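> How does the following fold in three dimensions:
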Amino acid sequence: MRSIAEVDAELTAPGGPFEIETLDIGGRITRTWKHAPASLTSLLEEGRGRGGDKDFFVYEGERVTHAEHYRRVAALAHVLRDRYGVKPGDRVAIAMRNYPEWSVAFFAAAAAGAIAVAMNAWWTGEELAFGLEDCGASVLIADDERLERLGDRVLKLGTRIISVRMAAAPAGAARLEDLLTPDLPGRLPGLETQPDDPAIIFYTSGTTSHPKGALCTHRNFCSNITSLQFSMARAALREGRQPTAHAPGVRLLSVPLFHATGCGVLLNAVFTGGKLVVMRKWDSHEALVLIEREKIAQISGVP
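Next up is the predicted model:
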């Protein structure tokens with residue numbers, strides 16, 4: 001078996017797919033992947049070409065292709081910008097189950113230049129209200145369970161609401177399904193997003209006090225996805241195999257998208273043109289059925 005040092009030298013050599021460069025980022029000298037996607041929107045654009053009409057998100061019998069996911073993201077990004085006045089740096093909060101709409105809302109916020117706030121879907125109404133006020137969200141995209149918990153608290157904050165999977169939207173809110181009309185543009189808004197622009201806020205558990213928002217940049221997550229690809233390429237070369245560029249794979253997801261782990265798995269599937277299979281709630285028997293039916297090769301979860 002080839003050594004790690006030997007394989008690393010080959011993969012990171014100048015001109016190679018995992019070339020490393022050194023940059024001054026916020027006053028810190030940092031080694032970065034030279035060819036990593038520049039932003040979440042770049043990651044989405046690259047993945048769209050790889051995924052095409054292949055399944056991207058499978059949930060409880062629903063199937064969304066990469067092409068359809070991209071179309072919905074583009075439409076919502078224009079809605080957020082043109083109808084809701086979302087500007088670069090604004091916060092768009094997301095509070096829902098691991099629905100396909102979570103991914104649509106997340107990438108649409110990024111494409112509109114906003115900071116996506118991945119809210120803990122297990123929070124109580126009081127905790128959800130705290131998160132919205134703390135991050136200063138101008139728009140909340142949420143499902144029925146989260147909106148029911150919030151009640152009228154959200155009205156006091158002045159946050160505009162887009163509801164997901166509700167027969168009728170709450171007063172003053174709009175249904176996502178009604179907003180995504182066929183006449184909307186099918187391409188992302190042409191915003192110039194820089195790698196070190198803020199992209200995502202995740203909240204800590206708040207074990208000792210209130211949860212705290214942890215801010216991530218576009219580079220943080222795009223580097224993470226590139227590191228994952230590098231690890232897979234390194235393993236292949238060490239075993240004497242040729243690495244498969246952007247190997248898509250089929251993965252069963254059993255952790256929340258609002259967590260950094262689940263979100264990272266989502267981004268990797270988008271970038272590689274892979275497929276995510278998601279259950280409403282973990283069930284070991286159902287997992288075995290899905291593994292066989294969907295040809296799942298990987299599971300992301302907690303041991």
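> Any buried residues in the helix or strand of the chain with the lowest mean pLDDT, and which?
Lowest mean confidence among the helices and strands of the chain (mean pLDDT, DSSP states H and E): helix 153-157, at a mean of 84. Residues of helix 153-157 classed as buried by neighbour count (16 or more other Cβ atoms under 10 Å): 153, 154. (C-beta placed from N, C-alpha, C; glycine too.)
> Next SSE downstream of that helix?
Elements were assigned by DSSP states H and E; along the chain past helix 153-157, the next helix or strand is strand 160-164.
> Which strands and helices lie in contact with that next one?
Strand 160-164 makes packing contacts with helix 100-111, strand 137-143, helix 144-150, strand 174-175, helix 176-179 when contacts are defined by 3 or more Cβ pairs under 8 Å, 6 or more residues apart in numbering; DSSP states H and E.
> at 7 Å what do you get?
Helices and strands touching strand 160-164, by 3 or more Cβ pairs under 7 Å, 6 or more residues apart in numbering; DSSP states H and E, are strand 137-143, helix 176-179.
> Pull up the pairing partners for that strand, direction included.
In the sheet containing strand 160-164, its partner strands are strand 137-143 (parallel), strand 174-175 (parallel), by DSSP bridges.
> if I look at residue 267, how far off is residue 130?
With the distance defined as Cβ to Cβ, to the nearest Å, residue 267 ends up 27 Å from residue 130.
> if I pick residue 8, what's in contact with it?
Under the criterion of Cβ atoms under 7 Å, 6 or more residues apart in numbering, the contact partners of residue 8 comprise residue 234.
> What are the phi and psi values at it?
Note on residue 8: its backbone torsions stand at phi -60, psi -40 [degrees, to the nearest 10].
> what packs against the least confident helix or strand of the chain?
Judged by 3+ Cβ pairs under 7 Å, 6+ apart, the packing partners of helix 153-157 are helix 125-135.
> contact partners of the helix it packs on?
The set of residues external to helix 125-135 that reach it, using Cβ under 7 Å, 6+ apart, is 91, 93, 95, 117, 119, 123, 140, 146, 149-151, 153-154, 157, 159, 201, 203, 210-211, 213.
> next one: it to chain centre, how far?
Mean-position distance between helix 125-135 and its chain equals 21 Å (Cα atoms, centre = their mean, to the nearest Å).
> quick revisit: who has more neighbours out of residue 267 and residue 130?
For residue 267 versus residue 130, the count of surrounding residues by other Cβ atoms under 10 Å is larger for residue 267: 24 against 17.
> Was I right to think the more buried one contacts residue 44?
No: using Cβ atoms under 7 Å as the test, residue 267 is too far from residue 44 to be in contact (9.0 Å).
> in this protein, which spans are strands?
Along the chain, the segments classed as strands by DSSP state E run 20-25, 28-33, 55-59, 62-65, 91-95, 115-118, 137-143, 160-164, 174-175, 198-203, 213-217, 250-253, 275-278, 298-300.
> pLDDT (mean, whole number) over the last one?
Meaning strand 298-300. Model confidence over strand 298-300, given as mean pLDDT, is 89.
> Give the pairing partners of that strand; include direction for each.
Short version: by DSSP bridges, strand 298-300 pairs with strand 250-253 (parallel).
> Which positions in the partner strand come out as buried?
Using 16+ other Cβ under 10 Å as the test for burial, strand 250-253 gives 250, 251, 252, 253.
> Report the mean per-residue pLDDT for it.
Confidence for strand 250-253, expressed as mean pLDDT, is 94.
> mind saving the C-alpha coords of that strand as CSV?
Once side chains and other backbone atoms are set aside, the C-alpha atoms of strand 250-253 remain, and they are given as CSV (Å, rounded to 0.1, in the frame of the first residue of the first chain):
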residue,chain,number,x,y,z
VAL,A,250,-26.4,6.9,-2.5
ARG,A,251,-26.7,7.8,1.2
LEU,A,252,-29.3,7.2,3.8
LEU,A,253,-29.6,10.3,6.0
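> Buried ones only from the contacts of helix 125-135, please, as a PyMOL command.
In PyMOL, the members of those classed as buried (16+ other Cβ under 10 Å) are selected with the following command:
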select buried, resi 91+93+95+117+119+123+140+146+149+150+153+154+159+201+203+211+213
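> now the buried residues of strand 250-253 as a markdown table including distance to residue 189?
A markdown table is the format used below for those (distance: Cβ to Cβ, whole Å):
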| residue | distance to residue 189 |
| --- | --- |
| 250 | 31 |
| 251 | 30 |
| 252 | 33 |
| 253 | 28 |
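> Looking at the residues you listed, which is nearest residue 111?
Comparing the buried residues of strand 250-253 against residue 111 with Cβ to Cβ places residue 253 closest, at 22.3 Å.
> Residue 58 touches residue 279, doesn't it?
No: the pair residue 58 and residue 279 does not pass the contact test of Cβ under 7 Å, sitting 9.7 Å apart.
> Okay then, goodbye and thanks.
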